[in-house]
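Asks: Got a sequence here, can you build the structure:
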Amino acid sequence: MPKSTTTPIQYKVYFTPRTGLNTYGSEIEVSANIISTSKMKKSIDAADYDIGIFYYGDVKLKVDNYDGKFSYEYDSRTLFPYGRDLAKVRITYNDTNGESSVFNGLIDDKASKINFEKEEISLVCPSNDSVLRTVRVAADTIGNGSTAQD
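Replies: Numbers count the residues shown, from 1 in each chain. Okay, the predicted model is just below:
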């Protein structure tokens, strides 16, 4: 039986570390250090006023930290001079049409777990969809006849 000529989808993972309080450095591909990822799911948020809107859930990344790239900011080998927290995460896949962005999010360092024996770090990355929610305004602050522009 001939082998299949289809190529598997290849994912790439990129981090953009913070270099200051509100500044980011250059994007760095870290795909070679990724051990595993959780499934990326897009689901419907069925809360009031959000029916039918799709949101990505959190992605969990397990990374190999044998070389100290993903250590805390006080380690001179780290990619994160200002800490891992709130570093940007982008996951793409290569298909026949080229590279497509799939997931955009941030690292939540409070949810990170470090396994010193295996030199692995598990990172939880909430998507931008779940981080950036719509602003809620108290009902009495909008007067009758106000437009969205107001």
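
Asks: Confidence-wise, which helix or strand of the chain is lowest on average?
Replies: Least confident helix or strand of the chain, by mean pLDDT, DSSP states H and E, is strand 42-45 with a mean of 56.

Asks: any idea how far the closest residue in space to Lys69 that isn't next to it in sequence lies from Ser26?
Replies: Nearest residue to Lys69 in three dimensions, chain neighbours excluded: Leu79, at 5.1 Å (CB to CB, 6 or more residues apart in numbering). The C-beta positions use only the backbone N, C-alpha and C, and glycine is treated the same way. Distance of Leu79 to Ser26, computed by CB to CB, to the nearest Å: 10 Å.

Asks: Flag the shaky bits of this structure, pLDDT-wise.
Replies: Low-confidence segments of the chain (pLDDT under 70): 1-9, 39-56, 95-96, 99, 131-150.

Asks: switch to 80 and redo it
Replies: The chain contains residues with pLDDT under 80 at 1-10, 37-57, 94-101, 129-150.

Asks: Let me see the ranges of the strands in it.
Replies: Counting by DSSP state E, the chain has strands at residues 10-16, 28-29, 34-37, 42-45, 53-56, 59-64, 88-95, 98-106, 108-115, 120-125.

Asks: Turn these into CSV, including distance to Glu73 and mean neighbour count.
Replies: Listed next are the strands of the chain as CSV, based on distance: least, CB to CB, whole Å; neighbours: other CB atoms under 10 Å:
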stretch, distance to Glu73, mean neighbour count
strand 10-16, 14, 17
strand 28-29, 15, 12
strand 34-37, 21, 14
strand 42-45, 33, 12
strand 53-56, 27, 14
strand 59-64, 16, 19
strand 88-95, 16, 17
strand 98-106, 16, 15
strand 108-115, 10, 14
strand 120-125, 14, 21
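
Asks: Could you say which one of these comes nearest to Tyr74?
Replies: Among those, strand 108-115 comes nearest to Tyr74, with 13.6 Å by CB to CB.

Asks: For that closest one, give me every contacting residue.
Replies: 65, 83-86, 120-126 (CB atoms under 8 Å, 6 or more residues apart in numbering).

Asks: give me that answer again for 7 Å
Replies: 83-85, 121-126 (CB atoms under 7 Å, 6 or more residues apart in numbering).
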